[in-house]
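Undergrad: With the input below, show me the fold.
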Amino acid sequence: MVGRVFISYRRAGNPKDALLIYRHLVDQLGAAAVFMDTKGIRPGDDFVEVLERQLKGCRVLLALIGPDWLQARDDHGRRRLEDEDDFVRVEIRTALQTEGLRVVPVLLDGVPMPRKHDLPDDLHRLTRRQGLPVNAADPHAFDHAMERLVEVLREALDAQLVPADKPPPVTDAPAPVPARAHKSRPAWIHEEGTDDIGRWLSFRVKDALQHLRWIEPGSFWMGSPEYEKERVDDEQRHRVTLSQGFWMADTACTQALWQAVLGDNPSHFQGDPERPVEQVSWHDIRQRFLPAVNRQLPGLDLRLPTEAEWEFACRGASQTPFSFGHQITPELANFDGNFPYAGGAKGLFREKTLPVKALAANRWGLYQMHGNVWEWCYDGYGPYGPEDVRDPRGIETAASRVLRGGSWCGSAGRLRAAYRYHYVPVFGGSFGFRVCRSSPIE
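TA: Next up is the predicted model:
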């Protein structure tokens, strides 16, 4: 697949900064949307042909300009930019000459924008482009610069990507796609399809319908940066890789689904079957609900998400405190508006749960990951480590289990994507859950 964002840099200059930016953009935009030579060229490929093909297909070129970018010299002492065949010069020249292609100078480590007289004639137009300063040595400044860059890239790639502050509309019944020709559909699937967000499917128990969204595997920063407001000590930021995709329910389990499976309704706030079930314990879910629904629909194999899966899905590729950005309001989530986040304005306190699709979904089509009811995760509660981890699971023998997302009666700070709550698994307060399943449907 042709990359849509092309990262141009000097290998002898700032390769670590280039790789850091590449990884951040892949997290935010997906691997298919970003090209960098060391990641996109396989052994045996024709280097020149790949670069030419990628340049023709990209929508944005990032020109990474570090301290040695202007004065880098070849083995003969000649300044590399004076060579008409220098790869960096060719890449930027081609981009500047391509109509509709945005060129963004990324100024690393305090480097100023090059002056016209420092550049060969065919790169003079680069000095007319607004630059973006990026300082990888300062995590706070780096994160803010990357947020700004991702905003610009999302605008340029708006054919497939959605701005972070405008979650896409998600209909209750996306248009189905034809069943697979090569393989019969599992009997438990009610409908399936693909829409602007991605793949979805649904299952039904009696009259209760539940949609699931496919979440692609990926890596992300779990926890919160030290400068995040209202941060708690157990949110130590660390790199997590989820090597396998998973299906996540687009809503918390409704009272309708719980009642269809088990025949009772423990919820305090009743009167609308589309409200989330609450007052359920971790043991209620693991020992009663999941065995019952999986027995009724063989092959469905529902489970609780791990804490890492939950946060990954909640963030929806964002790295801000909330999937909707740096601030949250009662128009976006159900919480006690008397306790806003980080000096925000006070707002509505509804004093009850809302139907699970009453408010906007995040960019991955998941409703009310912030607020409404706390959601149980599989993991036992324990401290994070600082190291990178792959497919983490909590402490099996822990005395308490993790809950995420905040609730209708909590403060906004507890709705943050990184916030961790935990409780004994036999208790059910304002606690609900959303199901997931591991296996892809080919």
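
Undergrad: need the contact list for Thr397.
TA: By C-beta atoms under 8 Å, 6 or more residues apart in numbering, Thr397 lies in contact with Gly380. All C-beta atoms are positioned from the backbone trio N, CA, C, and that covers glycine.

Undergrad: again, only using 10 Å
TA: With contact taken as C-beta atoms under 10 Å, 6 or more residues apart in numbering, Thr397 is in contact with 380, 382.

Undergrad: which SS class is it?
TA: coil (DSSP: H, G, I helix; E, B strand; the rest coil).

Undergrad: From Val424, how far off is it?
TA: As for Thr397, its distance to Val424 is 14 Å (criterion: C-beta to C-beta, to the nearest Å).

Undergrad: and if you look at Val50?
TA: Counting by C-beta to C-beta, the gap from Val50 to Val424 is 56 Å.

Undergrad: ok, now Leu81?
TA: Taking C-beta to C-beta as the measure, Leu81 falls 65 Å from Val424.

Undergrad: With neighbour numbers in mind, choose between the two.
TA: Leu81 (20 against 11; other C-beta atoms under 10 Å).

Undergrad: quick one, what contacts that one?
TA: Counting by C-beta under 10 Å, 6+ apart, Leu81 makes contact with 69-73, 88-89, 92, 114, 118-120, 123.

Undergrad: Most neighbours among the residues you listed, which one is it?
TA: Going by other C-beta under 10 Å, Ile92 tops the contacts of Leu81 with 25 neighbours.

Undergrad: That one contacts Val103, correct?
TA: Yes - between Ile92 and Val103 there is a contact under C-beta atoms under 10 Å: 6.9 Å.

Undergrad: Show me the common contact partners of those two, please.
TA: Here Ile92 and Val103 have 8, 61, 63, 125-126, 129 as joint contacts, going by C-beta under 10 Å, 6+ apart.

Undergrad: can you pull the pLDDT of the most far-flung residue of the chain relative to its centre?
TA: Distance from the C-alpha centroid of the chain peaks at His76, with 46.5 Å (C-alpha atoms, centre = their mean). Predicted confidence (pLDDT) for His76: 85.

Undergrad: got the residue ranges for the strands in the stretch 301-442 of the chain?
TA: Remark: strands assigned in the stretch 301-442 of the chain by DSSP state E, counting those that start in this stretch are 374-380, 389-390, 401-404, 421-423, 431-432, 436-437.

Undergrad: let me redo that: the stretch 51-200 of the chain
TA: Assigned by DSSP E, counting those that start in this stretch, the strands in the stretch 51-200 of the chain fall at 60-65, 102-108, 132-134, 191-194, 199-205.

Undergrad: Which one of these lies nearest to Gln54?
TA: Nearest of the strands of the stretch 51-200 of the chain to Gln54, taken as C-beta to C-beta: strand 60-65 at 9.8 Å.

Undergrad: Can I get the closest one in PDB, CA atoms only?
TA: Extracted in PDB, the C-alpha atoms of strand 60-65 (Å, rounded to 0.1, in the frame of the first residue of the first chain):
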ATOM      1  CA  VAL A  60       2.000  15.100   3.000                       C
ATOM      2  CA  LEU A  61       5.800  15.100   3.100                       C
ATOM      3  CA  LEU A  62       7.400  15.800   6.500                       C
ATOM      4  CA  ALA A  63      10.800  17.400   5.900                       C
ATOM      5  CA  LEU A  64      12.700  16.600   9.200                       C
ATOM      6  CA  ILE A  65      15.400  19.300   9.600                       C
END
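
Undergrad: In the sheet, which strands lie alongside that strand, parallel or antiparallel?
TA: Its sheet considered, strand 60-65 pairs with strand 5-8 (parallel), strand 102-108 (parallel) by DSSP bridges.

Undergrad: just those: most buried one?
TA: Among the strands paired with strand 60-65, strand 5-8 has the highest mean neighbour count (mean count of other C-beta atoms under 10 Å), at a mean of 25.

Undergrad: what about that strand, average pLDDT?
TA: Averaged across strand 5-8, pLDDT comes to 92.

Undergrad: Let's test this: name the helix or strand in the protein with the lowest mean pLDDT.
TA: The least trusted helix or strand in the chain, going by mean pLDDT, DSSP states H and E, turns out to be helix 37-40, with a mean of 61.

Undergrad: Let me see the contact set for the residue nearest the centre of the chain.
TA: For the chain, the residue sitting closest to the mean C-alpha position, by C-alpha atoms, centre = their mean, is Ala317 at 1.6 Å. Listed by C-beta under 10 Å, 6+ apart, the contact set of Ala317 reads 27-30, 150, 161-162, 164, 216, 218, 220, 323, 362-364.

Undergrad: Of those residues - the most surrounded one?
TA: For these, the largest number of neighbours (other C-beta under 10 Å) sits with Asn362, at 28 neighbours.

Undergrad: Could you report the pLDDT at it?
TA: Listed pLDDT for Asn362 reads 93.

Undergrad: what does Gln160 give?
TA: So Gln160 comes in at 39 (pLDDT).

Undergrad: Grab the longest helix from the protein for me.
TA: Assignment by DSSP state H gives helix 139-156 as the longest helix of the chain.

Undergrad: got the angle for that one vs strand 60-65?
TA: Counting by axes from the mean of the first three to the mean of the last three C-alpha atoms, to 10 degrees, helix 139-156 points 150 degrees away from the direction of strand 60-65.

Undergrad: Quick check: buried residues in helix 139-156?
TA: 142-143, 145-147, 149-150, 153-154, 156 (16 or more other C-beta atoms under 10 Å).

Undergrad: Please identify which of the residues you listed is nearest to Lys357.
TA: Arg154 (24.8 Å).

Undergrad: quick one on the thing from earlier: in a markdown table: the strands of the stretch 301-442 of the chain, plus mean pLDDT and mean neighbour count.
TA: As requested, those are exported to a markdown table (pLDDT from 0 to 100; neighbours: other C-beta atoms under 10 Å):
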| stretch | mean pLDDT | mean neighbour count |
| --- | --- | --- |
| strand 374-380 | 97 | 25 |
| strand 389-390 | 94 | 13 |
| strand 401-404 | 98 | 27 |
| strand 421-423 | 97 | 20 |
| strand 431-432 | 98 | 27 |
| strand 436-437 | 97 | 22 |
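
Undergrad: shaky segments in the stretch 151-300 of the chain?
TA: For the stretch 151-300 of the chain, residues meeting the criterion pLDDT under 70 lie at 158-183.
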